[in-house]
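Q: sequence unavailable; structure follows:
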């Protein structure tokens, strides 16, 4: 069993995708993250779902938990509106040492090792620069446990 | 809207739970992680799903991607059997600066800020040391986008 046997279609975004659209994708499809493609359709990185929130949460609330508590409830409820006008490109993670990207010939063990190392529950599978799809932790575990 | 309005029941494990059972829970219920309780039923930490894999992947494969490739396919397919006999306690993350745990009075904004800061798509909600349940990124985004 190799990555090519586990890979599934997966939603992609680009740096120009509105952040609100990315949030909607994450919520509606219950995704652990999104694959971000560059202008040539090549995977640039994997964006963890939690990092989209960074654009919606004012910086002073991110840094100091106590400050988030003083925002009144109505304003807090509407925090997600802050995504309006912002794009995925603004919440891309700093370039990590290793990207959660592999090739279709990787074994299940290689995919598992990559997930553990990068702490990413979402691995993009790329063949000659073209995205084939993704493998989620859920898919990997379900298939591995069924063996 | 506060954490108490978003919280849902969520599976828990303890440090003594077999790692294979934790992997099965993650796979079958498509969970982003698990809440680990201590002996008194208090949340000890949130275990990211990817970290359960650390127990199944031999250390030399975790550290060096090239070494994982030389394991033959049959052995790679069966990697998850290495979880046998191991427990959740063996894959707990190093104690982070801040735990993804909040109280029921936290606003949506506070929960979002905590997710962004801790990079955890799963927040445990605790009242006077008792776990009420959890809030996932998916629940948070779905409710926030519906406002």
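A: All right, it came through fine. Bear in mind that the values here come from a model prediction, so they are computed numbers and not experimental data. Residues are numbered from 1 along each chain as shown, chains lettered A, B, ... in the order given.
Q: chain A: helices as residue ranges?
A: Counting by DSSP state H, chain A has helices at residues A:3-6, A:19-29, A:49-56, A:59-63, A:65-70, A:73-77, A:108-118, A:137-146.
Q: anything in the shortest one near chain B?
A: This means helix A:3-6. No - for helix A:3-6 and chain B, the contact criterion (CB under 8 Å from any CB of the partner chain) is not met; the two come no nearer than 10.0 Å. To be clear about C-beta, it is placed using only N, CA and C from the backbone, and glycine gets the same treatment.
Q: so which elements touch that helix?
A: With contacts taken as 3 or more CB pairs under 8 Å, 6 or more residues apart in numbering or on different chains; DSSP states H and E, helix A:3-6 sits against helix A:108-118, strand A:122-127, strand A:130-136, helix A:137-146.
Q: now the angle from the first one to strand A:122-127?
A: It refers to helix A:108-118. With axes from the mean of the first three to the mean of the last three CA atoms, to 10 degrees defining the directions, helix A:108-118 sits at 130 degrees from strand A:122-127.
Q: how far out from the middle of the chain is helix A:108-118?
A: Here helix A:108-118 is found 16 Å from its chain centre; the criterion is CA atoms, centre = their mean, to the nearest Å.
Q: same question for stretch A:94-112.
A: In terms of CA atoms, centre = their mean, the centre of stretch A:94-112 is set 14 Å apart from its chain centre.
Q: return the set of buried residues in stretch A:24-34.
A: A:24, A:25, A:26, A:27, A:30, A:31, A:32, A:33, A:34 (16 or more other CB atoms under 10 Å in any protein chain shown).
Q: looking at the helices and strands packed on helix A:3-6, which is buried most?
A: Comparing those by mean neighbour count (mean count of other CB atoms under 10 Å in any protein chain shown), helix A:108-118 ranks first with a mean of 26.
Q: average pLDDT for that helix?
A: Here helix A:108-118 scores 91 as its mean pLDDT.
Q: got the angle for it vs helix A:137-146?
A: Between helix A:108-118 and helix A:137-146, the angle comes out at 140 degrees (the same axes, to 10 degrees).
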